[in-house]
Every structure is written in structure tokens, then in C-alpha cells.
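Trainee: I need the structure of the sequence given here:
(chains A and B)
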Amino acid sequence: MNRLKQAYFRLFIVVLVLTLIQKTSASQFPPLAPLGKVPEPPDNKTTEAKIALGKLLFFDGRLGGDGSTSCASCHVPEMGWDWPGKLSLGYPGTIHWRNAQTIINAAYYDKLFWAGASKSLEAQAKSAAKGAVAGNGEDDLMEARLALIPEYRQQFKKVFGDEWPKINNAWNAIAAFERTLIQTDTPLDHFLNGDKNALTAEQLAGKKLFEGKAGCIQCHNGALASDQAYYNIGVPPSSEWQTNPLAQITMRYELYAKGMDEQQYRHTKADPGAYFRTKHPSMKGKFRTPSLRYTLYTAPYMHNGELASLTDVIDFYDAGGFTSDGRTTAYPTTKSKLIKPLSLNKKEKKQLLSFLKAFSGKKITIERPNLPAYQKLFSKKELMEAKK
Amino acid sequence: MKVNIPLLTLLFVCFINSSFSSAEVLNKTVAKVSDVTQNGDSASNALIELGKRLFFDKRLSGDSSIACSDCHQPQYGFTHRTALSPGYPGNKHFRNAPSLINTALKTRWLHDGRIATNLNDVVREMLTEDYIMNMDMRLMQERLKQDLNYVALFAKAGLGEPSNSGVRKAIPAFLAVLKSTKNNYDLNKLNKQARQGKQLFFGKAGCSQCHSGHLYTDELPHNTGVPENLSVFLDPLSHQTFIAFNMFMGVSDYMSLKRDIGAGVLTHKADGSDRGKFITPSLRELNYTAPYMHNGIFNTLDEVVSFYNKGGGKDRYLDKKIKPLGLTKVEQKALVSFLKSLSSSVDIAKKYTNQEHQYSYHLIEKWQDKEN
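Mentor: Here you go, the predicted model:
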């Protein structure tokens, strides 16, 4: 028995020592790494035919309420596969309450949406198509539409074995297409794969800051440059809520629809973020760390687009989580302790900016597909001959 | 559906309908149609005014593109001039828009009678159904709170702040005002031809077997053999709606259906003998509500009378009361004349035509400090 106690004690000491070492050494964060193979779920294997179908569906507004709003409406390829406004385009007559994130490399996340509401691309596609201020579609009508498009009937049968297209398989196809929207050949990837000349001297200096003085790597780590954890870094509430009636409507709607109690619904004036994952107050104002990849093309930044440029982002962090006009989070008690003034000088900021640009390669564009047309399911002759 | 009909309610509706017999002729007591009246206290009038404003407000649809009044147009007796209702952007409907005049006096609603509770439920169904107005009522509520006119009107109507439940009280209050005025038959002012038609209506033609009571309807489902409107199936925009509806209503062969099964969506008989029944429509206001039948297949009352004269349409489950009538051309004309005399001599819808309300959202100032 004494020997057992000694063994436990030794283990305790070892664990304690390791913990202390980890906490005091920044180099213990997962290092930046080349983006590897796309994760693929066992229940939705990727095939060429599925990708081709998913591409059509991604651009098809008929997966939505009134035919006007497809995935590509808010995730615009010609932009950064995102939406260029502070708050995303909403379904007609509405505006969204958050900034649209890029689709590029979304395949690597396992917490999707800013507050981690979806755990897969499949689930995210469904939520987006059905959200009242997003696609506002309903399963029955969307499925009926697919059934009246011969090319879709043919492809759903080929890809999924569906006699008639099943709406859940539409999300599966879109997810498969999104898994092709990745970028693994950024200057940073080349560098990490051994090309010493892929980064400039300035970028290398920025990398040193990123991993050192600026402390970015504490959250922006690993291959994705995101730890996918939730933090309140001090982003202020959306300025649109002071100026845009549609934004005020959507804010209250989201609070109501996500099940806040009445008092909070009536008094909450800032996005609670990941609070809706747990309904625990310690989560208020927290959002999942976004990847830094492809950010060259996805301005404006943060969950509500309040920072217009990467320069503004660097200034924001340098100020310790405050905008240039002094605004910060409405949830001060949950603001991350990791966020502190950085005291970067002008040269250092320039170096850091230069390094951030190395996370993005060339702009990814795509040719918009011609969408298949509706056709009559029955001929007039068949209808006339139908027995009653 | 944005909001599902509670299962108990659906079962209740099925139970009610399963007790029907097509041979049964109920001697229904329907509240007497009376003159339009808006007398009452200021809260009642405010409620009606609120309901009217809502009725014409496009922001009660998901994409803010259509109002109740787009399909129920006052200038056409609160119907739509086309055979099939426009539906929602991106799809079309598969049935004709019924008139809203006297709708508050009914006991069941929609061509298949699937709602038999109250107008509150009908309003909810119309607003939330994806192929009709596709409105998430939680979003609707916030839209209304963003319009100062509504904030004032809801308060004046005694409903507190704008809310979903308030909308479903106010619109029915407005609908209750849409009632027929006395027609020539009510006023005993039939001309000779119409008097002959009346004799036929209650006699040889047998119309009153189903078109009974003060609304001229027994409010029961019947299969009269109305021909299918093939546009429902030939136009994919209508067909998608038809498919989605039948899918939702649990019709197992929804993809292969080539007919509208009507009230069959409530009873689901395995032998299909319940298919093709539709609730007897009211005969009031026919002068304003062409085209006719649940699918708008007939453009004129002459066509309708001719259809019945031939003994309805071909259907193995045709209602047994439907038989060739043997009416002469003169008799058919007389019957049409009587039917026309059942409409209000004054078009009650005129005063609602071309309603123009000022609609806008206001910015809630100092929003950070407001409780709302």
C-alpha cells in the first residue's frame, strides 16, 4: 500500500512538472504546419460525381425559400467566398447578424459558424439553407423542387441511390463540394514544407513575432492556424445595431429564437456568441478562433465585421483588444486574459502584417455553373389518361 | 411548415372528418349574415384597423414581398383573378384563392377543410406555410416592433406590444368585418328569371342539398367530379407546391399523384374512396370571385351550371347526389341569374381596394439603453 501511494505521488509530481513546463513555454503550442489532407466523414465519402452535384447545389437558390438565395449568395466566390459587408447578406427583407466567413478551408473545422453551432459541413449547410435570415427554406418544398429537375433526379440516383432526391443528401453533396475548396499552397505552406525561400526576410521576422512577442500562436496555432476554442478577445458590439433597423430586428430575433429567457432577451444588446452552446454566463461574448488562412481576401474581420482591414486587426490586438476609437467587448468579465497590450512598434506591425499575408495564396475562383432546369414530371397525355 | 400543427389538433381534425357521411344532410345553423357593422368601443375599432393594416403589409411574408392582400385582392372579392393563387415567390399555388368575405362565419376553412378550429389557426397556417408566406413568426414579431405605427396600434387595441398572438387576434378581427350585405334574394327583390332560377335551385336542380343555410354551404366535403386543372402538374412551380403539401400531409403516393385528393388528406382511406372531396363553397359574392371551383377550372357561372347539368365529372367515387339534371338552356340561364342575385348589390370590397398604408421601419435610437 505504501508503494502504491509512492507511485501515485511520483505520478502527481511528474504531471505537475509537465504542466508547469507547458504553461511557461510558448513553444508548447501546436506549431504552424502545412495544411494536410481534408478530413472526410465515414458516412459521406467524397466522390467526383458527388462533388459535381454539390457544386450545382451550392449555386442553386432553389435550396432556399424563394429561389433567390443560394450558398453562393453569401459565400461569393468572386469575393473571398464570403460576403464583403460587415454583416452578411440576409434573406430578402432581412440582414444577418454576423459576418459571413469564407468557405475556403472550412472543411478543416469541426466547429462551424462563429459560435460553433454546427459540428460538420453537412449540418452547417442545412442550418444555413433553413435559417430565417439566411436561406429560409423548408425541407418539403426544397425536396419537391429537386424532384422536378431531371438532371438532379439522375444525379441523386447515381450518387446516393435515391429514387427521388432526399434533402439530406443535398447537404451531403454540398459538403463534399466544400471539401474541395481548400488552399494548401500558400507561401507559408511552401515554407513549412521545406522551401526556405518561400518567405521573405520581413515575413520571417513577422513569423518570429507571431510565435513570440505578439503571442498570436497561443490561439492561432496548428495547421489551420486556429485552436478552434472559444475566446472573447474584446471585439465591440456591431455598430450596425446603432444605425440599421434591419440589424436591430435580426438581433432581437436571434435572441428570441435561440431561447434566451425574457429578461435577457429584452436587455441583451451584444452578441452572446458561444453562450448558446452551454447557456453558461462564462461563455458570453466568446467566439471560436477563426483560421488565418485566406484572410487576404475576406475583409472585414471579426465575427461582426467591425475591423475593416488586417492593419486594423493588428492595431486592435496591439491595443489589448480595443478599436482605434476605444471600443471593446460588452462582456468585460469574459474577456480573455491572453489579450494584453503588445507594444509593437511600427516596423514590427509591418512585419506581422507581411507574415499574415503569407497565409493566403492566389485567389480561388470558379466558373459559375449553368443550373439544370425544371421539367414537367408528367405529360399532358399521361394526365388526361389518369383514372379517377 | 415553420410551425407544425400539434399532433393532437391534427388527430382532432381527423376525428371530426372521419365522422362525416356524404349522404348526411346536416341542418346547419349558421349565424345570420348581417349588415357590415363596425360599431363598438375604441379598442375593438383599433383592433380592426390593426388587422387591416397587417392584411396589406408585405412584411408578413418571409422575404417581405407579398401581403395577404396579394392573393386575396379586395377588388376581386378578396380572391385572385387567376385560376390558381400566385403562391410565394419561387413557387405557385395549386388551388384557387377562396374569398375572405364571410370567412369569419365559417366553421371550417380551406378547400380541404383541414382547419376546423378558428381563424387564429388559419392565420397562423397562412403566414407560416413555406409555399404561402414562408414567415418565421418570431422574426415577424420583431419586424412589427420596429414599426412605430404598430407599436401604437397594438397598444390602442389592448394587445400590449406587437406580438405573434396579437397578429392572430387582429387579422381575424378585420376578417370579421368582411361580411356580405343583403343580396336581392335576402331583400326579396328577385326578377322573374331569378325567381325561376330559385325554384330550380331548391327543386329540380337540387343545389340546396349541399348549398344550404345562410352561406349556401353545408361546409361538408363532397366529390362532384371537378376536372383537374392540369396546370397544377404541367407547371413545375405549381407542381412543387402540390408535392410539398401532400408530402407534409402524409399522402404516401405524393410523387405519383395526378389528382388533388382534397379532404382525403385528412382521412387517408386505403381504398382512396375519400379522394376528390372538397368543402362546399359559399355561393355569396359569386359576381366578384370568378374563376370557380377549388382549382379555378371554370371561368363563368354558365360553365359551372353546365358542368352540374351534365352530372358533374367522371369519378368512380362521385357523390351520389350528383346526377344529370336535364335542365334546358332557358332553365340554365335562370339558375345562373339566381346565383348572381346571391351577391351583394354593393361591392363591399370596394372600400378596401387600393389601400395605401405607409410602411417603414424606424431606427430604435439609443438602442443600447432600451428594453425591447
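Trainee: now for the residue in chain A positioned nearest to chain B: which residues touch it?
Mentor: The nearest approach of chain A to chain B comes at residue A:93, 2.9 Å away (Cβ to the nearest Cβ). All C-beta atoms are positioned from the backbone trio N, CA, C, and that covers glycine. Neighbouring residues of residue A:93 by Cβ atoms under 8 Å, 6 or more residues apart in numbering or on different chains: B:59, B:61-65.
Trainee: what's the first-to-last distance across stretch B:79-93?
Mentor: Length of stretch B:79-93, first residue to last, Cα to Cα, to the nearest Å: 13 Å.
Trainee: so which bits of that stretch are buried?
Mentor: Within stretch B:79-93, the residues that count as buried by 16 or more other Cβ atoms under 10 Å in any protein chain shown are B:79-80, B:82-93.
Trainee: again with stretch B:252-260
Mentor: B:254, B:257-260.
Trainee: can I get that stretch in PDB? Just the C-alpha atoms.
Mentor: Taking C-alpha atoms only, stretch B:252-260 is exported to PDB below (Å, rounded to 0.1, in the frame of the first residue of the first chain):
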ATOM      1  CA  SER B 252     -48.000   8.200 -49.300                       C
ATOM      2  CA  ASP B 253     -48.100   8.400 -53.100                       C
ATOM      3  CA  TYR B 254     -47.400  12.100 -53.300                       C
ATOM      4  CA  MET B 255     -44.900  11.800 -56.100                       C
ATOM      5  CA  SER B 256     -47.200   9.800 -58.400                       C
ATOM      6  CA  LEU B 257     -50.400  11.700 -57.700                       C
ATOM      7  CA  LYS B 258     -52.200  13.100 -60.800                       C
ATOM      8  CA  ARG B 259     -55.100  14.500 -58.900                       C
ATOM      9  CA  ASP B 260     -55.800  16.800 -56.000                       C
END
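Trainee: touching chain A at all, it?
Mentor: Yes. Using Cβ under 8 Å from any Cβ of the partner chain, we find that stretch B:252-260 touches chain A at B:255, B:258-259.
Trainee: give me the subset of the residues you listed lying in helices.
Mentor: Among the residues of stretch B:252-260 next to chain A, DSSP state H puts none in helices.
Trainee: rewinding a little: now the contacts of residue A:93 in TSV, with secondary structure, distance to chain A and neighbour count?
Mentor: Output for those, formatted as TSV (DSSP: H, G, I helix; E, B strand; the rest coil; distance: Cβ to the nearest Cβ, whole Å; neighbours: other Cβ atoms under 10 Å in any protein chain shown):
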residue	secondary structure	distance to chain A	neighbour count
B:59	helix	7	24
B:61	coil	8	25
B:62	coil	5	31
B:63	coil	4	25
B:64	coil	3	18
B:65	coil	7	18
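Trainee: before we move on, back to that, I'd like the buried residues of stretch B:79-93 written out as a markdown table, with secondary structure and distance to chain A added.
Mentor: Output for the buried residues of stretch B:79-93, formatted as a markdown table (DSSP: H, G, I helix; E, B strand; the rest coil; distance: Cβ to the nearest Cβ, whole Å):
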| residue | secondary structure | distance to chain A |
| --- | --- | --- |
| B:79 | strand | 23 |
| B:80 | coil | 18 |
| B:82 | coil | 19 |
| B:83 | coil | 15 |
| B:84 | coil | 15 |
| B:85 | coil | 15 |
| B:86 | coil | 12 |
| B:87 | coil | 10 |
| B:88 | coil | 6 |
| B:89 | coil | 4 |
| B:90 | coil | 3 |
| B:91 | coil | 7 |
| B:92 | coil | 12 |
| B:93 | coil | 12 |
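Trainee: between all of the residues you listed, which two are separated the most?
Mentor: With distances taken as Cβ to Cβ, the most widely separated pair in the buried residues of stretch B:79-93 is B:79 and B:90, at 22.3 Å.
Trainee: which residues of the stretch 51-200 of chain B lie near chain A?
Mentor: B:59, B:61-65, B:88-91, B:130-131, B:134, B:136, B:138-139, B:141-143, B:145-146.
Trainee: try it again with 6 Å
Mentor: Applying Cβ under 6 Å from any Cβ of the partner chain, one finds that the stretch 51-200 of chain B approaches chain A through B:62-64, B:89-90, B:130-131, B:134, B:136, B:138-139, B:142-143, B:146.
Trainee: from those, which two are the most distant?
Mentor: The most distant members of these, if one measures by Cβ to Cβ, are B:131 and B:146, lying 26.2 Å apart.
Trainee: comparing those two, which residue is more hemmed in?
Mentor: Neighbours were counted for residue B:131 and for residue B:146 using other Cβ atoms under 10 Å in any protein chain shown; residue B:131 has more, 26 against 22.
Trainee: quick one, what contacts that one?
Mentor: A:141, B:87-88, B:91, B:241 (Cβ atoms under 6 Å, 6 or more residues apart in numbering or on different chains).
Trainee: tell me the spacing between the spatially closest residue to residue B:284 that is not a sequence neighbour and residue B:99.
Mentor: Leaving aside its sequence neighbours, residue B:284 sits nearest to residue B:180 (Cβ to Cβ, 6 or more residues apart in numbering or on different chains; 4.8 Å). Separation of residue B:180 from residue B:99 (Cβ to Cβ, to the nearest Å): 10 Å.
Trainee: what does the host helix or strand of residue B:47 contact?
Mentor: Under the criterion of DSSP states H and E, residue B:47 resides in helix B:42-55. If you take Cβ under 6 Å, 6+ apart as the criterion, helix B:42-55 is touched by B:68-69, B:153, B:156-158, B:167, B:170-171, B:173-174, B:177, B:357.
Trainee: output that helix as PDB, nothing but the C-alphas.
Mentor: What follows is helix B:42-55, C-alpha atoms only, in PDB (Å, rounded to 0.1, in the frame of the first residue of the first chain):
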ATOM      1  CA  SER B  42     -62.400  52.200 -29.500                       C
ATOM      2  CA  ALA B  43     -60.300  49.100 -28.700                       C
ATOM      3  CA  SER B  44     -62.400  47.000 -31.000                       C
ATOM      4  CA  ASN B  45     -62.100  49.500 -33.800                       C
ATOM      5  CA  ALA B  46     -58.400  49.800 -33.200                       C
ATOM      6  CA  LEU B  47     -58.100  46.000 -33.400                       C
ATOM      7  CA  ILE B  48     -59.900  46.000 -36.800                       C
ATOM      8  CA  GLU B  49     -57.800  48.900 -38.000                       C
ATOM      9  CA  LEU B  50     -54.700  47.000 -36.900                       C
ATOM     10  CA  GLY B  51     -55.900  43.800 -38.600                       C
ATOM     11  CA  LYS B  52     -56.500  45.800 -41.800                       C
ATOM     12  CA  ARG B  53     -53.000  47.300 -41.800                       C
ATOM     13  CA  LEU B  54     -51.500  43.900 -41.200                       C
ATOM     14  CA  PHE B  55     -53.500  42.400 -44.100                       C
END
